[in-house]
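Asker: Got a sequence here, can you model it:
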Amino acid sequence: MLRSLLTRATAPIVCAGLFWSTAPAHAQSPEQARPVSSDVWAHRATSTYQALQNHLYEGPDHHGLYLEHAPRQATDPEHSYLWPLREAAQAAVDMQELPHTGDNYRQDAAERFDTAELYFTRGERPGYASYLPAPLGTGGDVYYDDNAVVALTQLDQYEATGDERFLRRAEQVVPVVARAWDGDATKTCPGGMDWYDAPGNNIRATNVTALSAQLAARLYEHTRNRTYLDEAEQWYGWVYSCMRQAPGLYVNDRGDDGSTNETLWTYNSGSMIGTATALYRGTGNAGYLKKAIEDARSSLAYWTEGSRLHDQPAVFNAFYFKDLLDLDSVRPDPARLNAMSAYADSTYKTNRDTSTGLFRFQASNGGDYDSAAPAATLNQSAMVQIFATLADTTHQRRQPS
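Answerer: Numbering: from 1, shown residues only. Presented below is the predicted three-dimensional model:
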């Protein structure tokens, strides 16, 4: 995922965040907040999705693929990498849940999953490649984080439709990510998962290990296959014991040379919250619920300080907020939805090009609006997901019980 972000950083991110809504991200307080209705969130989701389709979707004549950026940059491949395509698929999955109009997006979602299969490579070490294999492209390495999130989207689609093909596809990814586990007991903090499938890999990454744990934990909920539970607990346990800087904050990776990359990202916080929540639902073990609540409370306090949320990549925030709301379905806390709403409302007002409906960020994929920056499938899809999730969530919460 986001190769430039996951390469070794020279120092942890030091930023300052977003709290509530209506004012710019760095200038808000609870007193300024005004609620945004489900209908408004749905409108924003719809217009943002339409801009994605108008400017970045290449259409059925191009296999349903997307561009990396609009306008296309000189260094862009012909089509997007796998990760942006996954986010576009997730956006369509989330659009299916819009109140009143969700059915309009079911065909789009189905088509996105067909397109994702174009990235799958077979052979002795199968998996979804980072770029299209021949004949559509030159291929790419199998990144294990990409594979985990593709499977999580497949699982979302299974839950949305009941179509067991998507459950089976998600299950087929587990052996792919499982081979990333590093069994070398001589390394510092043994265990963890390699970032990508190549001899040159020299890091064990929080994102791969936690996202794979989340996948296995959710699969256990559906299948009761004990192997998934064992894997989820092992993978979650490694991140919790080896990568936890503080409650809710997990450093990015460990090098095989013993070094630690202490960069913090919202989606690493989120995947651990989501995994613990799924493990609690699957096992009834209150210890996992306690860990999820502690990580949610502490990470939210950290990320909503100053401009930290604002400066994080939009797509990482989409992961984080959805994991917070997953916990909210088990143990509610209004602070989680408030923070998501605040970020979404502020970003809509400050980072959206009103002439096109496209969102523009800094080169980091977060931060302030940059009129010179190209729009990205990755970011546009992330904002669709955030708005659509808010439309669905706020609609459900206003319904009589």
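Asker: Pull up the gap between L82 and Y320, please.
Answerer: Per CB to CB, to the nearest Å, L82 is found 21 Å from Y320. Any C-beta I mention is one placed from the backbone N, CA and C, and that applies to glycine too.
Asker: whoops, I mixed them up, A129
Answerer: The value you get for A129 to Y320, if CB to CB is used, is 27 Å.
Asker: So between those two, which is more surrounded?
Answerer: Set A129 next to Y320 and count neighbours by other CB atoms under 10 Å: Y320 wins out with 29 against 23.
Asker: Double-check that that one belongs to a helix.
Answerer: Yes: assessed by DSSP: H, G, I helix; E, B strand; the rest coil, Y320 belongs to a helix.
Asker: from memory it sits against W303, does it?
Answerer: Yes: between Y320 and W303 there is a contact under CB atoms under 8 Å: 7.4 Å.
Asker: any shared contact partners between those two?
Answerer: Common neighbours of Y320 and W303 (criterion: CB atoms under 8 Å, 6 or more residues apart in numbering): 266, 269, 312.
Asker: Just give me the closest of these to G237.
Answerer: Comparing these against G237 with CB to CB places S269 closest, at 17.0 Å.
Asker: Only alpha carbons, please: show the helix or strand containing D345 as CSV.
Answerer: D345 belongs to helix 334-350 when elements are defined using DSSP states H and E. Output in CSV follows, covering the C-alpha atoms of helix 334-350 (Å, rounded to 0.1, in the frame of the first residue of the first chain):
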residue,chain,number,x,y,z
PRO,A,334,-20.6,9.0,20.4
ALA,A,335,-17.0,10.4,20.3
ARG,A,336,-16.2,8.0,17.5
LEU,A,337,-18.9,9.1,15.1
ASN,A,338,-18.4,12.8,16.1
ALA,A,339,-14.7,12.5,15.1
MET,A,340,-15.5,10.9,11.8
SER,A,341,-18.2,13.4,11.0
ALA,A,342,-15.9,16.3,11.8
TYR,A,343,-13.2,15.0,9.6
ALA,A,344,-15.5,14.3,6.7
ASP,A,345,-17.3,17.6,6.9
SER,A,346,-14.1,19.6,7.1
THR,A,347,-12.4,17.7,4.3
TYR,A,348,-15.5,18.1,2.1
LYS,A,349,-15.3,21.9,2.6
THR,A,350,-11.5,22.3,2.4
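Asker: In that helix, which of the residues would be classed as buried?
Answerer: In terms of neighbour count (16 or more other CB atoms under 10 Å), helix 334-350 has its buried residues at 336-348, 350.
Asker: Stretch 63-73 now?
Answerer: 64-70.
Asker: Kindly tell me how buried R169 is, as a neighbour count.
Answerer: 21.
Asker: hmm, back to that, among the shared contacts of Y320 and W303, which are located in helices?
Answerer: In this view, the shared contacts of Y320 and W303 that belong to helices under DSSP state H are 266, 269.
Asker: now the residue most central in space within the chain, nearest residue through space, not along the chain?
Answerer: The chain has F319 as the residue nearest its centroid, 3.5 Å off, counting by CA atoms, centre = their mean. Among residues not flanking F319 along the chain, Y267 sits closest, at 3.8 Å (CB to CB, 6 or more residues apart in numbering).
Asker: just checking, the one you found touches L324?
Answerer: No: using CB under 8 Å as the test, Y267 is too far from L324 to be in contact (11.4 Å).
Asker: Tabulate the CA atom coordinates of the one helix or strand E87 maps to in PDB.
Answerer: Assigned by DSSP H and E, E87 falls within helix 82-95. C-alpha atoms of helix 82-95 as PDB (Å, rounded to 0.1, in the frame of the first residue of the first chain):
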ATOM      1  CA  LEU A  82      -4.100  -2.900  -7.400                       C
ATOM      2  CA  TRP A  83      -4.600  -0.800  -4.200                       C
ATOM      3  CA  PRO A  84      -6.500   2.100  -5.800                       C
ATOM      4  CA  LEU A  85      -8.600  -0.500  -7.700                       C
ATOM      5  CA  ARG A  86      -9.400  -2.100  -4.300                       C
ATOM      6  CA  GLU A  87     -10.500   1.200  -2.900                       C
ATOM      7  CA  ALA A  88     -12.700   1.900  -5.900                       C
ATOM      8  CA  ALA A  89     -14.300  -1.600  -5.300                       C
ATOM      9  CA  GLN A  90     -14.800  -0.800  -1.600                       C
ATOM     10  CA  ALA A  91     -16.400   2.500  -2.500                       C
ATOM     11  CA  ALA A  92     -18.900   0.700  -4.700                       C
ATOM     12  CA  VAL A  93     -19.600  -1.900  -1.900                       C
ATOM     13  CA  ASP A  94     -20.200   1.000   0.500                       C
ATOM     14  CA  MET A  95     -22.500   2.800  -2.000                       C
END
